[in-house]
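Asker: quick one, fold the following:
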Amino acid sequence: MDNKSTSNPMEHTANIKKEFKVLINHLRQDVLKVDDPAAKALFETSAEVLVGLEKAFSDYENKNEPAWKK
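Answerer: Got it, this is the predicted structure:
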């Protein structure tokens, strides 16, 4: 089944987390490629924000936080 059409939120969260990881890696690689300190800070800060979002998705999947418990 195409998981774009599923109503199972776990399939969607897993896909989104994969996309976060790709973008996090891209941002961190770009930190090494640019010389501008402001761009480096922007890319690293963006990566850290996405790490936090990835954790929130994992917490949702694992019901680790009170907000995600039924």
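
Asker: what lies in contact with the host helix or strand of N25?
Answerer: N25 is part of helix 9-33 when elements are defined by DSSP states H and E. Under the criterion CB atoms under 8 Å, 6 or more residues apart in numbering, residues 3, 6, 39-40, 43-44, 46-47, 50-51, 53-54, 57-58, 60-61 lie in contact with helix 9-33. For every residue, glycine as well, the C-beta is placed using N, CA and C.

Asker: what's the PyMOL line that selects buried ones from these?
Answerer: For the buried members of the contacts of helix 9-33, the matching PyMOL selection, counting by 16 or more other CB atoms under 10 Å, is:
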select buried, resi 43+46+47+50+54+57
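
Asker: how near is K55 to F20?
Answerer: 10 Å (CB to CB, to the nearest Å).

Asker: what about these two, which has more around it?
Answerer: Of the pair K55 and F20, F20 is the one with more neighbours under other CB atoms under 10 Å, namely 19 against 14.

Asker: any idea of the pLDDT on that one?
Answerer: According to the prediction, F20 has pLDDT 98.

Asker: just E65 next, same as before
Answerer: Here the pLDDT value assigned to E65 is 83.

Asker: and whichever helix or strand comes after the helix holding N25, what's its mean pLDDT?
Answerer: Sequence-wise, the next helix or strand downstream of helix 9-33 (DSSP H and E) is helix 37-62. Mean pLDDT, helix 37-62: 96.

Asker: and the angle from helix 37-62 to helix 9-33?
Answerer: 160 degrees (axes from the mean of the first three to the mean of the last three CA atoms, to 10 degrees).

Asker: for the helix holding N25, buried residues please.
Answerer: 13, 17, 20, 24, 27, 30.

Asker: what is the nearest of those residues to A67?
Answerer: When the buried residues of helix 9-33 are compared for distance to A67 (CB to CB), T13 wins out at 14.4 Å.
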